[in-house]
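Asker: just the structure for this:
(one chain, ligands or ions: 1)
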Amino acid sequence: MNNKDNIVIIGAGLCGSLLALRLAQRGYKVDVYESRPDLRVTDISAGRSINLALSDRGFKALRLCGVEEKAREICIPMYGRLMHDREGNTFTSNYSGREGEYINSISRGDLNGILLTEAEKHENVNIYFNTECTSVDIENTIAHFKNQDTKEEFSVDGTVIFGTDGAGSSLRKSYYLERKFLFSYSQNFLTHGYKELEIPADKRGKHQISKDHLHIWPRGEYMLIALPNLDGSFTVTLFLSYDEGAYNFNNLTSEEKITEFFEKEFSDALELIPSIKDEFFNNPTGALGTVKCSPWHYQNKTLLMGDAAHAIVPFYGQGMNASFEDVTVFDAILDTHEGDWQATFKVYEKARKKDTDAIADLAIDNFYEMRDHVANPLFKQKRKLEMDLEETFPNQYFSKYSMVTFNEEIPYAEAMKKGRAQDKALLNMVAHNDLDAITDLSEVLKKVQEETNEILEEDEIAGLR
Ligand code: FAD
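Answerer: Modelled structure (predicted):
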């Protein structure tokens, strides 16, 4: 390592603040520039994914940086999905058949605050808030900024510049605009957007519905989900088309229409959201998109990380986890290539890109799974079988969900490949009643493994064509 290396990080969100902490722990001088005010002193979270599901890949990165326990203190474990039908009946579907495997609801603001505070404890870290990056001169490694308060413009040069400035990254824009190299870029939006609402705590400050679950109201065209907060409230997110179907964001323009929609589709939730009309009209509608691009780096000068490199839709609860995992992977590559930024960036991107592409695709799959399939009898039967297999063979059977969420040693791309084959095998067997005659679960496991391997082999041959 060269202690004189001066690192510039654009964006002090979840990825940027964790990266700053890790690089500071490694001894670098780190300057972080964040366009928004300091979220520890200003409430800026309203309407923007107030809480998130944190799982094992995220924890691994937090552990690396010594902040796992601090994060765990503000987590609420969610052991499974709790589905609500139109009549208000509920049923549960656990996330795993193994004990100790659950996801965690955590406040974005509180977690980000912890990371900023931990990073700032290092005297080699400076964080500048209200400072927006307007562009980056990638050839000369100079970032241009504008102070949001004074409107003063200034420039900073660094040994290297990291763009962790989220889905609308200014560094990524500069890659595109400067045209120094062939830059591939795609941004695909879903036709659905999202809006956040709130189920407040009851009079005693307690949660009004189970806080041990992620609640889902799956309705095909639309979907509502709710994650618990520490203060007894729930953050509810409505996923709805902008302009398709009987109800959509464009036509829900009156109080009557909103009430009609919720009474028809989510009547049990409606009873719990007293400020629905205000929230519906005042909270922003967010877009949901996938960003894929390459290369992420320019020579030995700049690198994109987190959502700036690979924004994904939120349906696998993995965007933050993947962005944190970026730091884990980057750190391991620094161990072997420190001192050579170009090699570090190159090796990092080669190691990481296929995995972030995979989680992007899995997140889209899960949009349809959560919206359309979770209440389907075949799907429920398959999930029940998977739970039984995981419970009985905790070291031998891992569902796709478990591989992605709880098995941080399996790269996303591998989890996707194996998980998809396994899903196909299981659904085929369940649909054709192939397992009805088998009573011994170890025989079921054997059959599932055989069928999965056959599908994997077929996929491999198809890939050679
Ligand atoms: P961000 O968190 O977006 O941070 C980027 C930072 O850069 C921000 O602080 C921003 O103000 C700053 N910035 C932007 N532009 C500039 C600029 N020009 N100059 C300076 N600073 C700038 N992930 C999960 O793992 N689990 C979940 O349950 C989950 N739920 C989600 C629900 C929703 C509705 C959404 C939208 C996302 C969800 N995600 C979830 C994804 C997660 O929010 C992102 O993957 C994560 O925030 C990425 O972190 P980041 O630091 O790369 O980007």
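Asker: how many residues are close by His432?
Answerer: For His432, the neighbour count with other C-beta atoms under 10 Å is 9. (Glycine included, C-beta is placed from N, CA and C.)
Asker: got the confidence number for it?
Answerer: What the model reports for His432 is a pLDDT of 84.
Asker: if I look at the spatially most central residue of the chain, how far off is Val156?
Answerer: What sits nearest the mean C-alpha location of the chain, by C-alpha atoms, centre = their mean, is Gly319, with 2.1 Å. Look at Gly319 and Val156: by C-beta to C-beta, to the nearest Å, they are 28 Å apart.
Asker: now do the contacts for the residue nearest to the centre of the chain.
Answerer: Asp307, Ala311, Ile312, Ala363 (C-beta atoms under 8 Å, 6 or more residues apart in numbering).
Asker: what does it show for phi and psi?
Answerer: Per-residue torsions, Gly319: phi -60, psi -50 (degrees, to the nearest 10).
Asker: cool, the one 3 residues further on as well?
Answerer: Main-chain torsions, Ala322, degrees, to the nearest 10: phi -70, psi -40.
Asker: which residue packs closest to it, ignoring adjacent ones?
Answerer: Nearest residue to Ala322, sequence neighbours excluded (C-beta to C-beta, 6 or more residues apart in numbering): Ile359, at 5.2 Å.
Asker: and Ala71, by the same measure?
Answerer: Nearest one to Ala71, counting by C-beta to C-beta, 6+ apart, is Leu62 at 5.1 Å.
Asker: same question, Phe324
Answerer: Ala61 is the one closest to Phe324 (C-beta to C-beta, 6+ apart), at 3.7 Å.
Asker: between the contacts of Gly319, which is closest to Tyr242?
Answerer: Proximity of the contacts of Gly319 to Tyr242 (C-beta to C-beta) peaks at Ala311, which lies at 18.3 Å.
Asker: residue contacts, the closest one?
Answerer: Gly166, Ala167, Gly289, Thr290, Val291, Gly319.
Asker: filter these down to the buried ones.
Answerer: Among these, those classed as buried by 16 or more other C-beta atoms under 10 Å are Gly166, Ala167, Thr290, Val291, Gly319.
Asker: from those residues, which land in strands?
Answerer: The strands, defined by DSSP state E, take in Thr290, Val291 from those.
Asker: dump the buried ones among the contacts of Ala311 to TSV, plus distance to the ligand.
Answerer: Compiled in TSV, these are given as follows (distance: C-beta to the nearest ligand atom, whole Å):
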residue	distance to the ligand
Gly166	3
Ala167	6
Thr290	11
Val291	11
Gly319	2
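Asker: so what's the residue count around the closest residue to the ligand within the stretch 351-465 of the chain?
Answerer: Residue nearest to the ligand within the stretch 351-465 of the chain: Ala363 (9.2 Å; C-beta to the nearest ligand atom). Ala363 has 21 neighbours, counted by other C-beta under 10 Å.
Asker: who are the contact partners of it?
Answerer: Counting by C-beta under 8 Å, 6+ apart, the residues that Ala363 touches are Thr290, Ile312, Val313, Pro314, Phe315, Tyr316, Gln318, Gly319.
Asker: check Asn147 too.
Answerer: Contacts of Asn147 by C-beta under 8 Å, 6+ apart are Asn130, Thr131, Glu153, Phe154.
Asker: check for me that Gln187 belongs to a strand.
Answerer: Yes - according to DSSP: H, G, I helix; E, B strand; the rest coil, Gln187 belongs to a strand.
Asker: pretty sure it contacts Gly289?
Answerer: Yes - using C-beta atoms under 8 Å, Gln187 is in contact with Gly289, at 5.6 Å.
Asker: what segments of the stretch 251-400 of the chain are helices?
Answerer: Assignment of helices within the stretch 251-400 of the chain using DSSP state H, counting those that start in this stretch yields the ranges 255-265, 267-270, 276-282, 307-310, 319-337, 341-368, 377-392, 400-405.
Asker: show me where pLDDT drops low in the stretch 301-450 of the chain?
Answerer: Low-confidence segments of the stretch 301-450 of the chain (pLDDT under 70): 374.
Asker: ok, which residues in it are in contact with the ligand?
Answerer: Gly306, Asp307, Ala308, Pro314, Gly317, Gln318, Gly319, Met320, Asn321, Ser323 (C-beta under 6 Å from any ligand atom).
Asker: and the third one, what does it touch?
Answerer: Just to be clear, that refers to Ala308. Ala308 is in contact with Gly11, Cys15, Gly163, Thr164, Asp165, Gly166, Ala167, Ser169, Leu171, Arg172, counting by C-beta under 8 Å, 6+ apart.
Asker: grab the nearest non-local neighbour of it.
Answerer: Ser169 is the one closest to Ala308 (C-beta to C-beta, 6+ apart), at 3.5 Å.
Asker: so what pLDDT did Asn3 get?
Answerer: 63.
Asker: same check, this time on the one 3 residues further on
Answerer: In this prediction, Asn6 carries a pLDDT score of 94.
Asker: torsion angles phi and psi at it?
Answerer: Phi and psi for Asn6, reported as degrees, to the nearest 10, are phi -110, psi 120.
Asker: and for Gly27?
Answerer: According to degrees, to the nearest 10, Gly27 has phi 100, psi 0.
Asker: ok, how many other residues are close to it?
Answerer: Neighbour number of Gly27 under other C-beta under 10 Å is 13.
Asker: how about Phe154?
Answerer: 11.
Asker: report the beta-bridge partners for it.
Answerer: Phe145 (DSSP bridges).
Asker: tell me the contacts of it?
Answerer: Counted by C-beta under 8 Å, 6+ apart, Phe154 has contacts His144, Phe145, Asn147.
Asker: and the ligand, which of these reach it?
Answerer: Filtering the contacts of Phe154 for proximity to the ligand by C-beta under 6 Å from any ligand atom leaves nothing.
Asker: closest to Lys382 among those residues?
Answerer: For the contacts of Phe154, with Lys382 as the reference and C-beta to C-beta as the criterion, the closest is Phe145, at 51.5 Å.
Asker: quick one on the thing from earlier: so which of the residues of the stretch 301-450 of the chain next to the ligand is the closest to Thr253?
Answerer: Nearest to Thr253 among these is Pro314, at 25.3 Å by C-beta to C-beta.
Asker: pretty sure that closest one is touching Gly289, no?
Answerer: No - with contact defined as C-beta under 8 Å, Pro314 does not count as touching Gly289 (10.7 Å).
Asker: between these two, which contacts overlap?
Answerer: Common neighbours of Pro314 and Gly289 (C-beta under 8 Å, 6+ apart) do not exist.
Asker: so which residues on the stretch 101-250 of the chain come close to the ligand?
Answerer: Contact residues, the stretch 101-250 of the chain versus the ligand (C-beta under 6 Å from any ligand atom): Glu132, Cys133, Thr164, Asp165, Gly166, Gly168, Ser170, Tyr194, Thr237.
Asker: pull out the buried residues from the residues you listed.
Answerer: Buried by 16+ other C-beta under 10 Å: Glu132, Cys133, Thr164, Asp165, Gly166, Ser170, Tyr194, Thr237, out of these.
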